[in-house]
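Chemist: Provided below for reference: sequence and predicted model.
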Amino acid sequence: MSILITGAGGYVGQELAAGLLASTSSDTTVTITDVVQPDVPEAAKQYASRLTCVRADLTSSQEVDELISTSRKYETVYLLHGIMSSGSEANFELGIKVNLDSTRYILDRLRTTQPGVKVVFTSSLAVYGPAPPGFLINESNFPPVPSSSYGSQKLIIETLVNDYSRRGFLDGRSVRLPTVTVRAGKPTQAASSFASDIIREPFHGKKAILPVGKETEMWICSPHTIIRNLMHARTIPKEAFGESRSVNLPGLKVSVQEMLDALEQVGGKERRALVEEKYDAATDKIVQSWTPQFSNERAFKLGFSADVSMLENIQQFASKFV
């Protein structure tokens with residue numbers, strides 16, 4: 001069995017590769033690719049013989065053709081690559097090129113070279129615009145009308161994944177990720193990057209900027225749970241999805257204030273003092289367009305796991321610094 005992960009130079013891709021290698025049989029191989037050749041994940045050093053790291057520009061049809069061909073068969077393809085929310089809003093053409101055009105080409109390449117292949121597309125809850133206060137969104141009670149270019153691009157690919165699956169071209173599943181917090185590594189171009197920054201950076205003894213109000217509520221999920229659920233996504237029988245291949249992954253509604261309180265409880269007042277409030281209107285506009293409350297019912301029926309509390313999330317992250 002062979003698995004491909006695009007966008008695997010990032011934190012989630014690295015952790016997913018390590019998790020798949022650790023949980024699959026010794027004859028399973030994983031190929032990870034990004035625009036810069038991804039490293040062998042630290043947690044997967046012992047599985048390096050089953051891992052191939054490839055530098056590929058996925059906006060190049062020639063490089064996609066080399067990566068995906070009749071001679072390179074995959075059992076599952078994870079599509080994680082993309083330009084994040086702030087980056088897509090700041091550079092519309094680049095967002096379209098990477099998030100939409102390259103992904104559509106990959107889907108078409110897969111359906112012609114290996115029809116029926118399983119595809120896990122990491123979408124986003126940014127496909128939804130703001131809902132009325134207190135409204136609990138599920139997959140059928142509120143129309144996805146994005147308030148950002150990033151969310152729009154994700155929704156278009158979701159539609160293609162659904163149609164390609166309906167026609168039997170692919171076996172797709174679009175998993176809408178909450179904001180992944182606390183991400184290790186470096187800040188990203190995501191408008192939500194601050195949600196990890198305000199926890200991660202203080203544990204490194206560095207200042208972090210909070211660009212939104214402390215009353216802001218967000219729908220988040222810990223990295224451990226996200227990886228567990230991404231691995232689960234490929235095991236779900238296609239019949240279980242019914243008419244829609246899209247699912248909102250489980251998460252947790254928290255306010256920024258609750259995040260800061262948990263940071264102080266785990267890391268102490270000195271680390272909490274490293275978070276500096278500095279309002280940024282552009283970031284706040286994007287973040288406020290995201291609805292912070294979702295139903296987990298459909299995800300639980302499909303076997304996805306519930307998330308841990310914010311306190312336990314930060315404790316898991318802080319354990320690396322003990």
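Modeler: Cool, got the structure.
Chemist: Could you measure from the nearest residue to T24 once chain neighbours are set aside over to K118?
Modeler: Nearest residue to T24, sequence neighbours excluded (CB to CB, 6 or more residues apart in numbering): M1, at 7.0 Å. All C-beta spots, glycine's among them, are computed from the backbone N, C-alpha and C. As judged by CB to CB, to the nearest Å, M1 and K118 stand 11 Å apart.
Chemist: Between the two, which contacts overlap?
Modeler: In terms of CB atoms under 8 Å, 6 or more residues apart in numbering, M1 and K118 are both contacted by the residues E75.
Chemist: Would you mind telling me which of those two has more residues around it?
Modeler: The residue with more neighbours, out of M1 and K118, is K118; 21 against 12, by other CB atoms under 10 Å.
Chemist: Surely the more buried one touches K73?
Modeler: No - with contact defined as CB atoms under 8 Å, K118 does not reach K73; the gap is 11.7 Å.
Chemist: Tell me where the stretch 201-322 of the chain has helices.
Modeler: With DSSP state H, counting those that start in this stretch, the ranges of helices along the stretch 201-322 of the chain come out as 223-233, 256-267, 269-272, 281-288, 297-301, 310-318.
Chemist: just so I know, which of these lies nearest L170?
Modeler: Among these, helix 223-233 comes nearest to L170, with 13.8 Å by CB to CB.
Chemist: doesn't Y78 make contact with G10?
Modeler: No - contact criterion CB under 8 Å: G10 and Y78 do not qualify, at 11.8 Å.
Chemist: CA atoms of stretch 48-67 as PDB?
Modeler: The C-alpha atoms that make up stretch 48-67 are tabulated as PDB, following Å, rounded to 0.1, in the frame of the first residue of the first chain:
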ATOM      1  CA  ALA A  48      12.700   6.500   7.000                       C
ATOM      2  CA  SER A  49      13.100   3.400   4.700                       C
ATOM      3  CA  ARG A  50       9.400   3.500   4.000                       C
ATOM      4  CA  LEU A  51       9.300   7.300   3.400                       C
ATOM      5  CA  THR A  52      10.000   9.200   0.200                       C
ATOM      6  CA  CYS A  53      10.400  13.000   0.300                       C
ATOM      7  CA  VAL A  54       9.800  14.800  -3.000                       C
ATOM      8  CA  ARG A  55      10.100  18.500  -3.900                       C
ATOM      9  CA  ALA A  56       7.300  19.300  -6.300                       C
ATOM     10  CA  ASP A  57       5.600  22.500  -7.500                       C
ATOM     11  CA  LEU A  58       2.000  21.400  -7.700                       C
ATOM     12  CA  THR A  59       1.100  24.400  -9.900                       C
ATOM     13  CA  SER A  60       3.200  22.700 -12.600                       C
ATOM     14  CA  SER A  61       1.300  20.100 -14.600                       C
ATOM     15  CA  GLN A  62       4.500  18.500 -15.600                       C
ATOM     16  CA  GLU A  63       5.600  17.900 -12.000                       C
ATOM     17  CA  VAL A  64       2.200  16.700 -11.000                       C
ATOM     18  CA  ASP A  65       2.300  14.200 -13.900                       C
ATOM     19  CA  GLU A  66       5.600  12.900 -12.700                       C
ATOM     20  CA  LEU A  67       4.300  12.600  -9.100                       C
END
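Chemist: longest helix in this structure, by residue count?
Modeler: The longest helix of the chain (DSSP state H) is helix 149-166.
Chemist: tell me the mean pLDDT over that one?
Modeler: For helix 149-166, mean pLDDT rounds to 97.
Chemist: Next, the angle helix 223-233 makes with the next helix-or-strand element following it.
Modeler: Downstream of helix 149-166, the first helix or strand assigned by DSSP states H and E is strand 171-177. Strand 171-177 runs at 160 degrees relative to helix 223-233, counting by axes from the mean of the first three to the mean of the last three CA atoms, to 10 degrees.
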